[in-house]
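Engineer: Okay, sequence plus prediction incoming.
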Amino acid sequence: MIALAWITASILLVLAGLHLYWSVGGRWPGHDEESLARMVVGGPPGMRMPGMTACLVVSVLLVAGAVVVLGAAGVLPLPIALMRPAAYVLIGVFVLRGVGGLFDGLFRPATHGSSYARLNLMLYSPLCVTLGVIAWLCTRAP
């Protein structure tokens with residue numbers, strides 16, 4: 001389980017770095033702000049990316065999630081009594097995002113056929129469910 005905890009934490013840290021990159025104006029995998037927003041947020045033409053503060057908050061939360069996973073797995077010397085409940089919140093957020101993402105088109109019909117809709121079904125939602133399940137497995141460590 002320790003290896004799973006490190007893998008999960010590493011993925012969360014990479015995602016945190018990507019959100020940090022976006023917060024300072026990075027545009028990959030898009031080529032401008034609109035194309036990036038349409039890929040990672042979904043929405044109509046002319047949509048803008050969330051602001052610097054929103055991207056920074058997500059980045060900090062992802063770093064905290066990595067710490068929680070490592071703490072809940074017993075890798076970091078943090079109080080398990082605090083880390084496991086925090087891990088369950090993290091698990092819930094990722095699983096709900098992942099499963100909810102499968103129904104995104106029902107709530108946001110404008111995303112149908114977009115690059116976001118394809119990426120959401122092929123990458124974002126499965127990744128979120130996988131991270132939630134792996135984080136849950138990590139909390140099962142002795």
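Structural biologist: In hand now; what should we look at?
Engineer: Now tell me what touches the helix or strand of the chain with the lowest mean pLDDT from outside.
Structural biologist: Lowest on mean pLDDT, DSSP states H and E among the helices and strands of the chain sits helix 104-107, with a mean of 86. Residues from elsewhere that reach helix 104-107 (CB atoms under 8 Å, 6 or more residues apart in numbering): 42, 111-112, 117, 120, 125. Where you see a C-beta, it was placed from the backbone N, CA and C, and this is true even at glycine.
Engineer: give me that answer again for 10 Å
Structural biologist: 42, 100, 111-114, 116-117, 120-121, 124-125 (CB atoms under 10 Å, 6 or more residues apart in numbering).
Engineer: go on, stretch 127-137?
Structural biologist: 1, 4-5, 7-9, 11-12, 15, 65, 68-69, 72-73, 87-88, 90-102, 120.
Engineer: now swap in stretch 69-87 and tell me
Structural biologist: So stretch 69-87 is contacted by 1-12, 64-68, 88, 90-91, 131, 134-142 (CB under 10 Å, 6+ apart).
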